[in-house]
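**Q** sequence-free structure coming up:
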């Protein structure tokens, strides 16, 4: 009888992680999959019990109006887990949704192992979360090599399995001839952040076009976000592409403007010159600044404790500051980033993660 694995992803990045993980698990055994996911996990056979997009909210102030619906979804997912009694539940990122689910489901699923994929950034803020994770979960998969000790000291079985960016980008051929005729613009994957960032990037692109009238913009985006972006970039020379093809765009782009997030690390792995920017609700920003322990937003800058990649965050998130960063860009050497994130074996990160998960079935 096949083992049952329940996977929960709350946003696009988790959906991709989940899809890759399912593919790796399928290659190693016979499993039945259920859970919560988006289009990519659906392609792997997951029929989502709730709409994943309902969970893709970022920011303390932004979440509050959605709380009643999110709470209803928590109870619906818990009921589904209890009904199915899976062998393993894998939660991917989205801790504000996943932890309440696990806390409730764990009490009614005594034979189920609970594993979390993507460690909370306890090294950046709220270090006490490591102890909470150890109480809730049986295992934890980390994306960064320096993370396991924070959780292992609390008694949680933890493994660095390589960063999934390596899965996304591939191993070879990261360097291609970069034609200097366009700029890659990445305004985000959540509706709220796209609404904030698209106007700012449009203004920055307009300034770039004033220096090079033939300059084009290439924007990977999902269909439900495209109308928002089109409105801001109306009348400009813009080509929209499927996000599934964006890795090639990273390898070809001479420069990128990106909303701060995992995409910054993807650009670094492909050695694409880029600037990151981000703006959030002022109250959320105040609270984040009060709680965080790190000086930078880009993970590469955090790892190096200096601004390797220019950041235009909050008050600096405007067209003038972005243009200043572009014009003064010093083209750092990004060739070592891939090795840092490659993991400890020749396996892909998703295969390493699958091996770790399967160890809980022994």
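**A** Here it is on my side, so go on. Every value quoted in this text rests on a predicted model; they were computed, and no experiment measured them.

**Q** CA atoms for contacts and neighbours, from now on please.
**A** Will do.

**Q** Any regions of the chain where pLDDT drops low?
**A** Applying pLDDT under 70 to the chain flags residues 56-66, 170-176, 343-345, 362.

**Q** one more time with 50
**A** Where the chain drops to pLDDT under 50, the residues are 58-61, 173-174.

**Q** could you pull out the strands for it?
**A** Secondary structure of the chain (DSSP state E): strands located at 3-9, 31-36, 88-92, 113-117, 139-142, 157-160, 182-186, 216-220, 238-241, 256-259, 274-278, 311-313.

**Q** May I see these arranged in JSON lines, with mean neighbour count and distance to residue 125 as well?
**A** Compiled in JSON lines, those are given as follows (neighbours: other CA atoms under 10 Å; distance: least, CA to CA, whole Å):
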{"stretch": "strand 3-9", "mean neighbour count": "23", "distance to residue 125": "22"}
{"stretch": "strand 31-36", "mean neighbour count": "20", "distance to residue 125": "27"}
{"stretch": "strand 88-92", "mean neighbour count": "25", "distance to residue 125": "19"}
{"stretch": "strand 113-117", "mean neighbour count": "24", "distance to residue 125": "18"}
{"stretch": "strand 139-142", "mean neighbour count": "24", "distance to residue 125": "16"}
{"stretch": "strand 157-160", "mean neighbour count": "22", "distance to residue 125": "19"}
{"stretch": "strand 182-186", "mean neighbour count": "24", "distance to residue 125": "26"}
{"stretch": "strand 216-220", "mean neighbour count": "21", "distance to residue 125": "31"}
{"stretch": "strand 238-241", "mean neighbour count": "15", "distance to residue 125": "36"}
{"stretch": "strand 256-259", "mean neighbour count": "24", "distance to residue 125": "21"}
{"stretch": "strand 274-278", "mean neighbour count": "24", "distance to residue 125": "19"}
{"stretch": "strand 311-313", "mean neighbour count": "23", "distance to residue 125": "18"}
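
**Q** Same list (these) but as JSON lines, adding distance to residue 150.
**A** Shown next, in JSON lines, are those (distance: least, CA to CA, whole Å):
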{"stretch": "strand 3-9", "distance to residue 150": "23"}
{"stretch": "strand 31-36", "distance to residue 150": "28"}
{"stretch": "strand 88-92", "distance to residue 150": "19"}
{"stretch": "strand 113-117", "distance to residue 150": "15"}
{"stretch": "strand 139-142", "distance to residue 150": "11"}
{"stretch": "strand 157-160", "distance to residue 150": "9"}
{"stretch": "strand 182-186", "distance to residue 150": "32"}
{"stretch": "strand 216-220", "distance to residue 150": "36"}
{"stretch": "strand 238-241", "distance to residue 150": "40"}
{"stretch": "strand 256-259", "distance to residue 150": "28"}
{"stretch": "strand 274-278", "distance to residue 150": "28"}
{"stretch": "strand 311-313", "distance to residue 150": "27"}
